[in-house]
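[1] need a structure here:
(one chain, ligands or ions: 2)
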Amino acid sequence: MTVRINPSILSADFVNLEDEVARIPNADLLHVDVMDNHFVPNLTFGQQMVGRLQDVSRVPLDLHLMIDDPDRWAPEFAETGAFSVTFHAEAALDVVATARRLREIGARAGLALKPGTAVEPYLDLLADFDQILVMTVEPGFGGQSFLDSTMPKLERLAERVKQTGLDVWLQVDGGITEETIVRAAEAGANTFVAGSSVFGREDPIAAIEALRDAALPHVH
Ligand SMILES: O=C(CO)[C@@H](O)[C@H](O)COP(=O)(O)O
Ligand SMILES: [Fe+2]
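    Ligands and ions are numbered 1, 2, ... in the order given. Model prediction:
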């Protein structure tokens with residue numbers, strides 16, 4: 001069974017990002033939250049910053065785009081060479097066309113769903129995606145509490161992935177701790193974003209391993 005732990009740089013020290021990235025050598029991917037102050041009420045990184053993070057990180061980048069008009073901008077973020085680019089269904093006009101563009105550019109294509117967004121319209125589109133991100137908090141900020149109400153959505157996705165035999169990673173993001181990771185893994189997640197519970201700890205390497213050990217017995 002595979003468990004992926006992707007620390008979110010949103011909880012890192014923004015004036016020391018190169019050092020911060022070096023603190024998580026055992027991470028699977030580095031989760032980078034791109035926010036535009038429109039789709040969410042917060043502002044973080046643009047393409048130039050993402051490109052520089054890519055230059056200094058040994059760990060490949062997992063971009064989470066919380067931005068308007070991903071149909072236009074997601075491919076441009078993929079051009080930075082990011083390993084995966086995940087955009088929000090609520091903001092996109094044509095999720096399949098955008099996912100196909102991402103794959104053409106060479107990035108893994110991800111679709112993110114806010115806690116209140118139903119999964120049913122997307123269940124038949126899984127073949128066009130490499131990962132689905134079930135947000136377990138409202139997007140915009142780190143340090144919020146995990147929403148158990150999102151777990152049925154994850155269960156639906158896990159069931160469909162199993163039925164179809166597709167290799168689609170199921171990612172959760174928001175409020176992941178050594179306790180909540182167990183519930184998310186039981187519901188079907190295999191890829192876990194953690195901000196405060198990695199960068200907020202004195203020993204991020206140990207924090208990543210603790211999360212991995214907590215999830216491992218519970219992933220499907
Ligand atoms: O996308 C987001 C927030 O919108 C996340 O990636 C957060 O950065 C997760 O932080 P924690 O909840 O783990 O502190
Ligand atoms: Fe995120």
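
[2] What is the burial count for the residue in the chain that ligand 1 sits nearest to?
    Distance from ligand 1 to each residue of the chain (Cβ to the nearest ligand atom) is smallest for Gly195, at 2.8 Å. (Each C-beta comes from the backbone N, C-alpha and C, glycine too.) Applying other Cβ atoms under 10 Å, we find 24 residues neighbouring Gly195.

[3] so who does it touch?
    Taking Cβ atoms under 8 Å, 6 or more residues apart in numbering as the contact definition, Gly195 lies against Pro7, Ser8, Ile9, Leu10, Ser11, His31, Gly142, Gly143.

[4] so what's it scoring on pLDDT?
    Gly195 carries a pLDDT score of 98 in this model.

[5] Need the phi and psi values for it.
    Backbone dihedrals for Gly195, given as degrees, to the nearest 10, come out at phi -100, psi -80.

[6] Distance check, it against Ala127.
    Per Cβ to Cβ, to the nearest Å, Gly195 is found 30 Å from Ala127.

[7] Arg160 too?
    Between Arg160 and Ala127 the distance is 11 Å, computed by Cβ to Cβ.

[8] Neighbour count: those two, which is higher?
    Each of Arg160 and Ala127 has its neighbours counted (other Cβ under 10 Å); Arg160 has more, 18 against 10.

[9] secondary structure class for the residue in the chain that ligand 2 sits nearest to?
    The chain approaches ligand 2 most closely through His64 (3.7 Å), counting by Cβ to the ion. For His64, the secondary-structure state derived from DSSP: H, G, I helix; E, B strand; the rest coil is strand.

[10] residues touching it, list them.
    Listed by Cβ under 8 Å, 6+ apart, the contact set of His64 reads Ser8, His31, Val32, Asp33, Val34, Thr86, Gly110, Ala112, Leu133, Asp173, Val193.

[11] Just the pLDDT for the closest residue to Ala107 other than its chain neighbours.
    Spatial nearest neighbour of Ala107, excluding adjacent residues (Cβ to Cβ, 6 or more residues apart in numbering): Ala78 at 4.0 Å. According to the prediction, Ala78 has pLDDT 98.

[12] List of residues touching the top helix by length along the chain?
    With DSSP state H applied, the helix covering the greatest number of residues in the chain is identified as helix 151-164. With contact meaning Cβ under 8 Å, 6+ apart, helix 151-164 is reached by 113, 118-120, 123, 126-127, 132, 134, 168, 170, 172, 183-184, 187-189, 220.

[13] Quick one: buried ones out of those residues?
    113, 119, 123, 126, 132, 134, 168, 170, 172, 183-184, 187-189 (16 or more other Cβ atoms under 10 Å).

[14] Now the two most distant members of those.
    Across the buried ones among the contacts of helix 151-164, the longest distance by Cβ to Cβ is 22.6 Å; it joins Leu126 and Arg183.

[15] Contact partners for Pro41?
    Residues touching Pro41, when contacts are defined by Cβ under 8 Å, 6+ apart, comprise Gly140.

[16] Contact residues of the chain facing ligand 1?
    Applying the criterion Cβ under 6 Å from any ligand atom, the portion of the chain that neighbours ligand 1 consists of 8, 10-11, 31, 33, 64, 137, 139-144, 173-176, 193-197.
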